[in-house]
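Trainee: how would this look folded up:
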Amino acid sequence: GHDETSENFRESWEIIKLFYLGCTNPDGLNYDYNAEVDDGSCYFTTISEILNNPEIVGQQVNTAGIISDYYKPSNGPHIISIAEDSSGFIIELSIWDNNWTDEWEELFEEPPYLTNEIQVKGIVGEYETKLQIEPTSFKILNENYEFQAPKIKINSISGGDYDGRIVSCNGILVDYFDVT
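Mentor: Here you go, the predicted model:
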């Protein structure tokens, strides 16, 4: 019989270096100088750029963010919030039941949140004066993301500069009420 353990792998197998995947487009916000093969992960617009551009409604965007929340109102679409790491800005993704998939259910409905970075392509819309994205596709960029919310001082919250954003601060919670 043939004894496979006697084979000299150095002579019979060729070891090749694998290529490095990443965003190879220098215009991409996540451009990776070391990437040798494009993996389709490039994105070109930040969440804050979308939120600060009133002319963007109806336009196609390609952005990325960290999944920060999910909810499903009765008689409404699935709403996924994604946050921009550097600023804490949040935008909602709106997906109606007829476009909802089992894969998305597994990705979005189960915590932990703030650990999955995704790329989103879709059309910017508006609902009750808030901008939203109706996604046409998603791609997971990082399943083990370590979200770092912007650190602020507690007294700077009352000015409203951080409304609608995820932030981090130190202090003692003495009272809580929901103003929505």
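Trainee: so where do the strands sit in this structure?
Mentor: Per DSSP state E, the chain has strands spanning 21-22, 37-38, 60-71, 78-83, 90-95, 117-127, 130-142. These are given in chain order.
Trainee: and the gap between the nearest residue to Pro150 once chain neighbours are set aside and Gln119?
Mentor: With Cβ to Cβ, 6 or more residues apart in numbering as the measure, Gly88 is the residue that lies nearest to Pro150, at 4.9 Å, once sequence neighbours are left out. To be clear about C-beta, it is placed using only N, CA and C from the backbone, and glycine gets the same treatment. Using Cβ to Cβ, to the nearest Å, Gly88 is found at 19 Å from Gln119.
Trainee: state the pLDDT value of the residue nearest the centre of the chain.
Mentor: In the chain, the centroid-proximal residue (Cα atoms, centre = their mean) is Gly65; its distance is 2.5 Å. pLDDT for Gly65: 93.
Trainee: tell me what it is bridged to.
Mentor: Listed beta-bridge partners, Gly65: Ile118 (assigned using DSSP bridges).
Trainee: Asn116 is in contact with that one, correct?
Mentor: No. Counting by Cβ atoms under 8 Å, no contact exists between Gly65 and Asn116, whose distance comes to 9.7 Å.
Trainee: residue contacts, the nearest residue to Phe138 once chain neighbours are set aside?
Mentor: The spatially closest residue to Phe138, leaving aside those adjacent along the chain, is Ile118, at 5.3 Å (Cβ to Cβ, 6+ apart). Applying Cβ atoms under 8 Å, 6 or more residues apart in numbering to Ile118 gives the contacts Ala64, Gly65, Ile66, Ile67, Ile82, Leu107, Phe138, Lys139, Ile140, Leu141.
Trainee: any low-confidence regions in the chain?
Mentor: Counting by pLDDT under 70, the chain contains low-confidence residues at 1-11, 15, 173, 175-180.
Trainee: in it, which helix has the most residues?
Mentor: Taking DSSP state H as the criterion, the chain has its longest helix at helix 102-108.
Trainee: give me the buried positions along it.
Mentor: For helix 102-108, the neighbour count (16 or more other Cβ atoms under 10 Å) marks Trp104, Leu107, Phe108 as buried.
Trainee: show residues contacting that helix.
Mentor: Against helix 102-108 from outside (Cβ under 8 Å, 6+ apart): Ile67, Tyr70, His78, Ile80, Ile95, Asn116, Ile118, Phe138, Ile140.
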